[in-house]
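Visitor: no sequence for this one, just the structure:
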């Protein structure tokens, strides 16, 4: 009896430890503007089920990502699901946005990637294109959490990763994406406004704060 109780306890603990990386069809419900450092990946209160269409689209994206970072044999050895961290879902009257958080195979497990999928609420279809949010210079994935990088902190980058906007005033939501380009010596904060008209992802405008340096020198 005691042995059985211990086994059941072990199973419960293992399940609890693995909840954060529950594979689709689950997602974390978030709100706009999206600030990734404020998202608790372990908070089950905001976890919601995904419909079959969204789960299938996310699964296809994860497979594409895994195939792009490893050889075919490596993908077979380390299943594509091993790259998955979590999926976030934000809803707007015009679009529902899914952000899929991914990381690379070991030993580069701290490097994190964010891919955005856009679902047109009016047409009831996903836009074919995905968008790389370029968050690898802004966040690391460490100990099951998204941690701001030293660069993000020292350069004072506080803008949301995704924020709805409507610069042309047409009543259809566009999205401003904030990212950081870094090549070792040169830093550039970029804010790009995406428009999703005609089922494509296009750049409406681009603002650049460049170069920016440590301690706020520009």
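Guide: Ah, there it is. Predicted model, so just to flag it, every value in this text is computed and none were measured.
Visitor: which parts of stretch 174-184 are buried?
Guide: Within stretch 174-184, the residues that qualify as buried by neighbour count (16 or more other CB atoms under 10 Å) are 174-180, 182. Every residue, glycine included, has its C-beta placed from N, CA and C.
Visitor: Which ones among those lie within helices?
Guide: Secondary structure of these is defined by DSSP state H; no position falls in helices.
Visitor: Those residues in strands, which ones?
Guide: Members of these lying in strands (criterion: DSSP state E): 174-180, 182.
Visitor: what about the strands in this structure?
Guide: 26-29, 47-49, 84-91, 95-103, 112-120, 125-126, 131-132, 139-142, 145-148, 162-165, 174-182, 187-195, 202-209.
Visitor: For these, give me TSV that also has mean pLDDT and distance to residue 35.
Guide: Rendered in TSV, the data for the strands of the chain read as follows (pLDDT from 0 to 100; distance: least, CB to CB, whole Å):
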stretch	mean pLDDT	distance to residue 35
strand 26-29	95	13
strand 47-49	94	19
strand 84-91	96	11
strand 95-103	96	12
strand 112-120	96	13
strand 125-126	96	24
strand 131-132	96	18
strand 139-142	92	11
strand 145-148	94	10
strand 162-165	98	9
strand 174-182	95	10
strand 187-195	94	14
strand 202-209	90	18
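Visitor: Pipe these into a markdown table and attach distance to residue 40 per row.
Guide: As requested, those are arranged in a markdown table below (distance: least, CB to CB, whole Å):
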| stretch | distance to residue 40 |
| --- | --- |
| strand 26-29 | 8 |
| strand 47-49 | 11 |
| strand 84-91 | 10 |
| strand 95-103 | 13 |
| strand 112-120 | 16 |
| strand 125-126 | 27 |
| strand 131-132 | 24 |
| strand 139-142 | 14 |
| strand 145-148 | 8 |
| strand 162-165 | 18 |
| strand 174-182 | 21 |
| strand 187-195 | 26 |
| strand 202-209 | 29 |
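Visitor: Columns distance to residue 151 on top of the ones in strands among the buried residues of stretch 174-184, output as CSV?
Guide: What follows is those, written out as CSV (distance: CB to CB, whole Å):
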residue, distance to residue 151
174, 27
175, 23
176, 20
177, 17
178, 13
179, 12
180, 6
182, 6
